[in-house]
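J.: my questions are about this predicted structure, shown below with the sequence.
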Amino acid sequence: MTYNHNKNSNPPIDSGDAAWVSVTTTLPVEQVRQICSDIEVIMRLNPYYFFESWQQQGDSYEVKFRNQSNNQEIQQNFTVYRDANELEVVYENSIKNKTVFRIERSNNGTQLTIIDDYSHLSAQEREQRSHEADKSLQAWGESIYTYFERLTKWSWIPGWRSYMRRVWIPMKPSARRVVWFLYLITLAEFAFFLLILAIWVAEQARGPAGV
């Protein structure tokens with residue numbers, strides 16, 4: 001995974017002020033495109049966004065959340081525009097003009113690049129509102145990468161995808177971390193049980209000492 005925010009470098013889109021993060025996954029392009037088309041999933045994967053409400057009408061959305069990366073309470077309207085390999089989330093009344101999700105084939109599968117564009121405001125206004133800048137982009141990319149990895153590893157389990165979309169994704173980020181920790185504890189306990197069971201079975205197979 002790569003991360004860059006540098007006005008002097010060349011952003012992936014035509015912009016005078018952009019930050020971006022790129023995530024590479026072995027998932028095929030079609031599957032990454034399908035995941036990204038559900039914009040609620042992608043937005044809720046940001047570990048700094050604590051949503052209070054989410055309303056949708058077609059490709060227009062009205063959301064309310066707290067961005068813990070900059071301690072901003074945000075009530076935001078945005079519209080999603082789609083084409084074959086790109087989604088644009090265009091904001092109203094935000095320091096960010098848009099977030100672009102670009103999906104491209106890579107040697108190992110698919111590269112997803114998430115680009116936050118700030119160039120619609122003047123340099124002076126961006127400076128005055130710098131405290132509103134979203135500082136969560138790198139952590140967002142890491143969270144999306146982890147989600148892709150879990151899809152690759154666990155999606156063979158019946159009902160897993162449905163559980164993740166309907167139960168896990170709507171949770172607040174802090175609740176997800178607790179739930180995942182409990183999963184790990186349960187798996188460790190089950191592995192320990194299997195180890196004890198295997199030892200007991202081996203001892204039974206050997207029979208009484210001296211026989």
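T.: Now that the structure is in, tell me what you want to look at.

J.: could you chop the chain up by domain?
T.: 2-158, 171-211 (automatic domain parsing).

J.: and the shortest one, average pLDDT?
T.: This points to domain 171-211. Regarding domain 171-211, the rounded mean pLDDT is 66.

J.: now stretch 71-85
T.: Here the average pLDDT along stretch 71-85 is 93.

J.: one step back: just put the domains of the chain in a markdown table and tack on distance to Arg165.
T.: The way it works is simple: take the backbone N, C-alpha and C, and place the C-beta from them, glycine included. Formatted as a markdown table, the domains of the chain follow (distance: least, C-beta to C-beta, whole Å):
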| stretch | distance to Arg165 |
| --- | --- |
| domain 2-158 | 7 |
| domain 171-211 | 12 |
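
J.: so which of those domains is the most packed in?
T.: Per residue and on average, the most neighbours among the domains of the chain fall to domain 2-158, with a mean of 16 (mean count of other C-beta atoms under 10 Å).

J.: how far off centre is it?
T.: Distance of domain 2-158 from the chain centroid (C-alpha atoms, centre = their mean, to the nearest Å) equals 9 Å.

J.: flag the shaky bits of this structure, pLDDT-wise.
T.: Residue ranges of the chain with pLDDT under 70: 1-8, 173-190, 192-194, 197, 207-211.

J.: residues making contact with the biggest strand by length in the chain?
T.: Taking DSSP state E as the criterion, the chain has its longest strand at strand 72-83. Strand 72-83 is contacted from outside by 37, 39, 59-67, 87-94, 132, using C-beta atoms under 8 Å, 6 or more residues apart in numbering.

J.: the helices in this protein, which residues?
T.: Using DSSP state H, the helices of the chain run over 29-37, 39-44, 123-128, 137-154, 160-163, 173-206.

J.: contacting residues around the fifth one?
T.: So the one you mean is helix 160-163. Residues outside helix 160-163 that contact it (C-beta under 8 Å, 6+ apart): 151, 154-155.

J.: now it - C-alpha only, PDB.
T.: Output of helix 160-163 as PDB, limited to C-alpha atoms (Å, rounded to 0.1, in the frame of the first residue of the first chain):
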ATOM      1  CA  TRP A 160     -20.000 -14.600   5.900                       C
ATOM      2  CA  ARG A 161     -20.600 -12.000   3.200                       C
ATOM      3  CA  SER A 162     -24.100 -11.400   4.400                       C
ATOM      4  CA  TYR A 163     -23.000 -11.100   8.000                       C
END
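
J.: circling back: now the contacts of helix 160-163 in CSV, with distance to Pro28?
T.: Formatted as CSV, the contacts of helix 160-163 follow (distance: C-beta to C-beta, whole Å):
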residue, distance to Pro28
Leu151, 11
Trp154, 17
Ser155, 13
